[in-house]
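Undergrad: sequence? don't have it. structure:
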Ligand SMILES: CC(C)(COP(=O)(O)OP(=O)(O)OC[C@H]1O[C@@H](n2cnc3c(N)ncnc32)[C@H](O)[C@@H]1OP(=O)(O)O)[C@@H](O)C(=O)NCCC(=O)NCCS
């Protein structure tokens, strides 16, 4: 068995993706997956997060794949590895060999901590990935519940929930945009994106706040364009003009199959005004006006995040599975 580095722009990336998908679908057959052209863009990396990829081959046949993401502006001691092995080649030591390669690269980049996520469908409480991570000294730091919202979307129920919430949010206005944040909002938007890495429950994950500014927002927007994904954003503007909260959903421009509910955050000084619900309701309405055929919107919440979970349930999300963060020192 040989392990060699590849790059997302190589022709080999199609093979890398095939192994990745086979391994992921085996563990989580009903979960959402990135499309190949999307992952190809993500794994080009940016100035904020560098990416290395490896392919494991046995007699020229691809059997395993690995990726290592290294934050470049914050979390400079952190490395985010993932390892994938074709199900028919499991338990031959391929995953461990790939992880050893990734460890060397993590250490060479001066990283001392590794963080990874395991996902599983409803009804599965143990996966190969968990056993593998624990075998290699990772410990579970936080659990998240995966929820999905599917048609028919009950916009009347959403409107009724909004009606009940509105009196609590007097003085705030909700603005929406798609793909490109208006210049007047971009600095405030970046400030709230940065808060996502600290305000979302972190459980036992040891990490630093992410550093966000307008340039990083513009880089993320350019990357979404390259991925051919559209992003719907709703933001709450406080009476003093600052941004009190924001929420985002992304959907491929080429497929209605999978939407992702990304960050939702309400600034601590503005909590208690039902802005979370008002933001999510407005954003869902905008999304469905543009893309009435959307088939699913997926979201992940820490199991301790009861407030956000209550909002999601009001909006019609149902439990579909779970994920967990695992971390170790290297
Ligand atoms: C997790 C994964 C990479 C393991 O690959 P692998 O090549 O089978 O792993 P290894 O053969 O190196 O296994 C090393 C050890 O991990 C543990 N392990 C791996 N799979 C296991 C399973 N299904 N059940 C119990 N223990 C398991 C065992 O201790 C194993 O040692 P052993 O075979 O001597 O008992 C593979 O199952 C996979 O691709 N899963 C989906 C993606 C994923 O969850 N990746 C891990 C997180 S990034």
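TA: Received the coordinates, thanks. Every value quoted in this text rests on a predicted model; they were computed, and no experiment measured them.
Undergrad: Strand partners (parallel or antiparallel) of the helix or strand containing residue 56?
TA: According to DSSP states H and E, residue 56 maps onto strand 49-58. With DSSP bridges as the test, strand 49-58 is paired with strand 2-6 (antiparallel), strand 61-71 (antiparallel).
Undergrad: what mean pLDDT does the longest one have?
TA: The one in question is strand 61-71. Mean pLDDT, computed over strand 61-71, is 98.
Undergrad: can you pull the buried residues of it?
TA: By 16 or more other C-beta atoms under 10 Å, the buried positions in strand 61-71 come out as 62, 63, 64, 65, 66, 67, 68, 69, 70, 71. No exception for glycine: its C-beta is placed from N, CA and C like everyone else's.
Undergrad: repeat for stretch 249-267
TA: By neighbour count on 16+ other C-beta under 10 Å, the buried set for stretch 249-267 is 249-252, 258-262, 264-267.
Undergrad: Same question for stretch 148-159.
TA: So for stretch 148-159, counting by 16+ other C-beta under 10 Å, buried means 148, 149, 153, 158.
Undergrad: and the ligand, which of the strands paired with strand 49-58 is closest to it?
TA: Closest approach to the ligand among the strands paired with strand 49-58 (C-beta to the nearest ligand atom): strand 61-71, 6.5 Å.
Undergrad: returning to that earlier point: export the strands paired with strand 49-58 as CSV, with columns for distance to residue 319.
TA: Below are those laid out as CSV (distance: least, C-beta to C-beta, whole Å):
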stretch, distance to residue 319
strand 2-6, 37
strand 61-71, 28
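Undergrad: Format these as TSV; extra columns: distance to the ligand.
TA: What follows is these, written out as TSV (distance: least, C-beta to the nearest ligand atom, whole Å):
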stretch	distance to the ligand
strand 2-6	12
strand 61-71	6
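Undergrad: how about the helices of the stretch 1-150 of the chain, start to end?
TA: Using DSSP state H, counting those that start in this stretch, the helices of the stretch 1-150 of the chain run over residues 13-27, 36-42, 94-108, 128-135.
Undergrad: Can you add mean neighbour count and mean pLDDT and give those helices back as TSV?
TA: Below are these laid out as TSV (neighbours: other C-beta atoms under 10 Å; pLDDT from 0 to 100):
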stretch	mean neighbour count	mean pLDDT
helix 13-27	18	96
helix 36-42	17	96
helix 94-108	18	98
helix 128-135	17	96
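Undergrad: Residue 224: which of those is closest?
TA: Proximity of the helices of the stretch 1-150 of the chain to residue 224 was assessed by C-beta to C-beta; the nearest stretch is helix 36-42, lying at 8.6 Å.
Undergrad: which helices and strands sit right next to that closest one?
TA: On a contact count with 3 or more C-beta pairs under 8 Å, 6 or more residues apart in numbering; DSSP states H and E, helix 36-42 meets helix 13-27, helix 214-226.
Undergrad: Name the surrounding residues that touch it.
TA: Here helix 36-42 makes contact (C-beta atoms under 8 Å, 6 or more residues apart in numbering) with 8-9, 13-14, 17, 20, 34, 51, 223, 226-229, 252.
Undergrad: Show me how far that helix is from its chain's centre.
TA: The gap between the average C-alpha position of helix 36-42 and the chain average comes to 14 Å, counting by C-alpha atoms, centre = their mean, to the nearest Å.
Undergrad: what's the answer for stretch 15-32, then?
TA: In terms of C-alpha atoms, centre = their mean, the centre of stretch 15-32 is set 16 Å apart from its chain centre.
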